[in-house]
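J.: Quick one, what's the 3D model for this:
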Amino acid sequence: IDAALDFKNVSIVANYIKERTKNAQFVIISLRNNMFELADRLVGIYKTDDVTKSITIDPRNFSVPAGLQSKTNPAMLKQKKVASQMKLDG
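T.: Numbering: from 1, shown residues only. As a prediction, this is how the structure comes out:
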């Protein structure tokens, strides 16, 4: 659902889904980091030695040291700004 969207609109859609699905399970297939940064769980599916495997990650268990955050993901600062603006507007 987010392939054709720019950064700002992916964030808007992600926040919309997050707010509207608090009491439901919702599956989104996305390669956009600003979509999956809001996920409660990330499920990865991969293939090794002709065997399909999966892994589930709780992103809240991972953190990036503050000094590295803007260096490793410069879009993170923009996303926080967009999220803050959405709170102010809404």
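
J.: what about the helices in this structure?
T.: Here the chain has its helices, by DSSP state H, at 7-20, 33-36, 66-72, 75-89.

J.: Can you work out which other helices and strands pack against the shortest one?
T.: Yep, that's helix 33-36 we're talking about. When contacts are defined as 3 or more C-beta pairs under 8 Å, 6 or more residues apart in numbering; DSSP states H and E, helix 33-36 packs onto helix 7-20, helix 75-89. C-beta coordinates here come from the backbone N, C-alpha and C atoms, glycine included.

J.: and the ones you listed, which one is worst for confidence?
T.: Among the helices and strands packed on helix 33-36, helix 75-89 carries the lowest mean pLDDT, a mean of 52.

J.: Next one: Leu38, what pLDDT does it get?
T.: 82.

J.: ditto for Ser54
T.: For Ser54, pLDDT reads 94.

J.: The closest residue to it other than its chain neighbours: neighbouring residues, count only.
T.: Spatially, and ignoring its direct neighbours in sequence, Ser54 is nearest to Ile45 (4.9 Å; C-beta to C-beta, 6 or more residues apart in numbering). Neighbours of Ile45 under the rule other C-beta atoms under 10 Å: 9.

J.: which residues sit in contact with Ile45?
T.: For Ile45, the contacting residues are Thr52, Lys53, Ser54, by C-beta atoms under 8 Å, 6 or more residues apart in numbering.

J.: Kindly indicate the member of the residues you listed with the most neighbours.
T.: Busiest of these [other C-beta under 10 Å] is Lys53, holding 10 neighbours.

J.: Please report the distance of Asn15 from Arg60.
T.: For Asn15, the distance to Arg60 (C-beta to C-beta, to the nearest Å) stands at 17 Å.
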